[in-house]
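**Q** got a sequence here, can you model it:
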Amino acid sequence: MSLRHLVLRNILGSLFRSGAILLCAALVAGLGLTSTLVVQGAEEGLRSNLSQMGADIVVIPWGTMSQDFSGAHLMGMITERWMPRAYMDRVALVRGVAAVSPQLYLSTLHNSSYSPMPEVYVVAYDPASDFVLRPWLGTEPPEELALGEAVVGAQVMPLDTLDVYGYPLHIVARLALTESDIDQTIFVSFETAQALFIHVQAQPEPAFEIQPESISSVMINVAMGDDPHEVAVRILEQVPGVVPIESTGFFQTQRGQMVGLLRAVFGLLAITWVLSMFFIGLVFSLAANERRRQIGVLRALGATAAFVFRSLLAEGATLAVLGGAVGIGLAVLIIGLFGPQIAALADIHVHLPPAPLLLAISAGGLVLAVLTVTPAVWLPARRISAEEPSLAMRE
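**A** Got it, this is the predicted structure:
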């Protein structure tokens with residue numbers, strides 16, 4: 001009797017037993033896919049909330065009088081003190097620093113007609129490395145700003161073009177309302193900042209001064225597992241000439257809670273996988289014990305222990321693949337049909353990813369089902385196949 005024929009006969013010979021194992025595999029794969037998508041949605045939401053808190057640390061030049069940072073760090077200091085841009089590279093090398101982005105305060109427009117606020121700030125930033133303004137720029141933030149282009153805060157008048165010191169700026173994006181200083185700020189690229197500086201220097205009374213290759217602030221994003229306070233201490237110790245300013249205690253607490261939630265979600269997923277493996281092993285062990293007489297007969301007829309062991313493993317793997325495919329199909333169907341309702345109930349964004357990513361996650365679900373079933377089947381299959389035929393047939 002061939003291995004394939006034996007496996008098929010064993011599966012069809014006990015539909016209840018096979019159905020129980022198939023159901024377990026379907027649950028593992030389906031819950032694995034669903035959990036992945038739910039965790040992904042929850043992670044996106046948590047990371048989005050975390051990113052909207054701005055920089056974890058703002059680094060400013062030594063000797064700068066720091067203003068009161070009572071909210072999120074979304075913009076650097078309003079100061080005319082500068083530091084060399086090379087300082088940012090030194091800060092980036094400090095352990096725990098995940099991302100850095102420079103900002104340069106240029107000037108303040110007083111009583112401008114472009115905003116109801118008494119002051120409008122002009123600041124240069126780097127769209128390519130920016131992580132502070134990006135969450136407030138909608139779903140398609142500009143990856144770069146061309147010469148003469150600008151991004152403006154919510155309190156700046158909705159115009160296509162602004163005239164700043166006689167230099168035209170074309171508005172390409174608008175930030176959402178943040179209730180902070182960036183609502184009354186015009187952001188330009190460093191290239192435009194240099195062009196604007198050259199323009200004002202040609203005027204009888206230049207509106208502002210900047211040093212070449214200088215910045216006024218470094219916005220810092222701390223790595224997920226690091227403590228921002230410890231990173232700030234390292235910066236103070238390792239980078240002379242700068243002062244790190246941490247976010248307020250409220251935002252530190254919020255950050256810690258979100259990081260803890262992310263870890264808890266992945267921990268629960270791992271616990272679910274381990275419990276599923278234990279349950280499948282228990283089901284298969286009970287099923288194998290019921291077939292000890294049958295296995296003893298096979299051994300007496302000449303089947304080797306290795307052949308019986310391979311047949312049991314092949315049976316488990318076949319049921320894992322079939323069950324995994326069923327579970328994944330049902331999970332995709334449920335999320336595709338009821339994703340918005342689930343998202344509304346759970347207050348997270350649950351949706352099917354693009355087809356290539358969905359196929360990759362589905363393949364991962366099948367692998368998870370096989371990896372769950374195979375180790376769970378291994379021990380009982382090994383034990384049963386190694387029993388003496390006479391002993392197995394007597395029981």
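**Q** ramachandran coordinates for the closest residue to residue 113 other than its chain neighbours?
**A** Setting aside the residues directly before and after it, residue 113 is nearest to residue 157 in space (Cβ to Cβ, 6 or more residues apart in numbering), at 7.7 Å. C-beta here means a position set from N, CA and C on the backbone, and glycine is covered the same way. As for residue 157, its main-chain torsions (degrees, to the nearest 10) stand at phi -60, psi 140.
**Q** count the residues that sit near residue 99.
**A** 16 (other Cβ atoms under 10 Å).
**Q** mind listing what's buried along the helix or strand where it lies?
**A** Under the criterion of DSSP states H and E, residue 99 resides in strand 97-110. Buried residues in strand 97-110, defined by neighbour count with 16 or more other Cβ atoms under 10 Å: 97, 99-109.
**Q** how about the residues you listed in JSON lines, adding distance to residue 75?
**A** Shown next, in JSON lines, are these (distance: Cβ to Cβ, whole Å):
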{"residue": "97", "distance to residue 75": "19"}
{"residue": "99", "distance to residue 75": "16"}
{"residue": "100", "distance to residue 75": "15"}
{"residue": "101", "distance to residue 75": "11"}
{"residue": "102", "distance to residue 75": "12"}
{"residue": "103", "distance to residue 75": "7"}
{"residue": "104", "distance to residue 75": "11"}
{"residue": "105", "distance to residue 75": "9"}
{"residue": "106", "distance to residue 75": "12"}
{"residue": "107", "distance to residue 75": "14"}
{"residue": "108", "distance to residue 75": "13"}
{"residue": "109", "distance to residue 75": "15"}
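**Q** closest to residue 26 out of those residues?
**A** residue 99 (41.2 Å; Cβ to Cβ).
**Q** which residue sits closest to residue 187, ignoring its sequence neighbours?
**A** residue 151 (4.4 Å).
**Q** can I assume that neighbour sits in a strand?
**A** Yes: assigned with DSSP: H, G, I helix; E, B strand; the rest coil, residue 151 falls within a strand.
**Q** does it touch residue 133 like I think?
**A** Yes: counting by Cβ atoms under 8 Å, residue 133 is a contact partner of residue 151 at 7.0 Å.
**Q** need the residues touching each of the two.
**A** Counting by Cβ atoms under 8 Å, 6 or more residues apart in numbering, the residues touching both residue 151 and residue 133 are 175, 187.
**Q** picking up where we left off before, what's across from the residue nearest to residue 187 in the sheet?
**A** For residue 151, the beta-bridge partners under DSSP bridges are residue 173, residue 187.
**Q** what number of residues lie near residue 215?
**A** Neighbour tally, residue 215, other Cβ under 10 Å: 27.
**Q** how near is the closest residue to it other than its chain neighbours to residue 213?
**A** Leaving aside its sequence neighbours, residue 215 sits nearest to residue 102 (Cβ to Cβ, 6+ apart; 4.2 Å). Going from residue 102 to residue 213 by Cβ to Cβ, to the nearest Å gives 10 Å.
**Q** and for those two, which residues touch both?
**A** What both residue 102 and residue 213 touch, as defined by Cβ under 8 Å, 6+ apart, is the set residue 85.
**Q** domain ranges for this structure?
**A** 3-49+257-394, 55-246 (automatic domain parsing).
**Q** and those, which one averages the lowest pLDDT?
**A** Lowest mean pLDDT within the domains of the chain: domain 3-49+257-394, at a mean of 69.
**Q** now residue 232: which helix or strand?
**A** helix 228-238.
**Q** repeat that for residue 128.
**A** Counting by DSSP H and E, residue 128 is found in no helix or strand.
**Q** do you know how far the closest residue to it other than its chain neighbours is from residue 275?
**A** The shortest distance from residue 128 to any non-neighbouring residue, by Cβ to Cβ, 6+ apart, is to residue 144 (6.2 Å). Between residue 144 and residue 275 the distance is 49 Å, computed by Cβ to Cβ.
**Q** quick one on the thing from earlier: the residue nearest to residue 128 against residue 190, yeah?
**A** No: applying Cβ under 8 Å, one finds residue 144 not in contact with residue 190, separated by 11.0 Å.
**Q** those two: which is more packed in?
**A** Remark: of residue 144 and residue 190, residue 190 carries more neighbours, 18 against 10, as counted by other Cβ under 10 Å.
**Q** right, and the more buried one touches residue 124 too?
**A** Yes: counting by Cβ under 8 Å, residue 124 is a contact partner of residue 190 at 4.9 Å.
**Q** all helices for the chain, in order.
**A** 3-13, 15-51, 86-92, 190-201, 228-238, 249-290, 292-300, 305-346, 355-385, 389-394 (DSSP state H).
**Q** and the fifth one with strand 97-110, angle?
**A** Which is helix 228-238. If you take axes from the mean of the first three to the mean of the last three Cα atoms, to 10 degrees, helix 228-238 sits at 80 degrees to strand 97-110.
**Q** picking up where we left off before, residues contacting the residue nearest to residue 187?
**A** 133, 137, 142, 145, 171-175, 186-188.
**Q** include neighbour count when you put those residues into CSV, please.
**A** Below are the contacts of residue 151 laid out as CSV (neighbours: other Cβ atoms under 10 Å):
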residue, neighbour count
133, 26
137, 17
142, 16
145, 24
171, 17
172, 14
173, 18
174, 15
175, 24
186, 25
187, 27
188, 26
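**Q** just the closest of the residues you listed to residue 194, please.
**A** Distances from residue 194 to these, taken by Cβ to Cβ, are shortest for residue 188, at 9.7 Å.
**Q** touching, the closest one and residue 127? I think so.
**A** No: applying Cβ under 8 Å, one finds residue 188 not in contact with residue 127, separated by 10.0 Å.
**Q** joint contacts of the two?
**A** With Cβ under 8 Å, 6+ apart as the test, residue 188 and residue 127 both reach residue 145.
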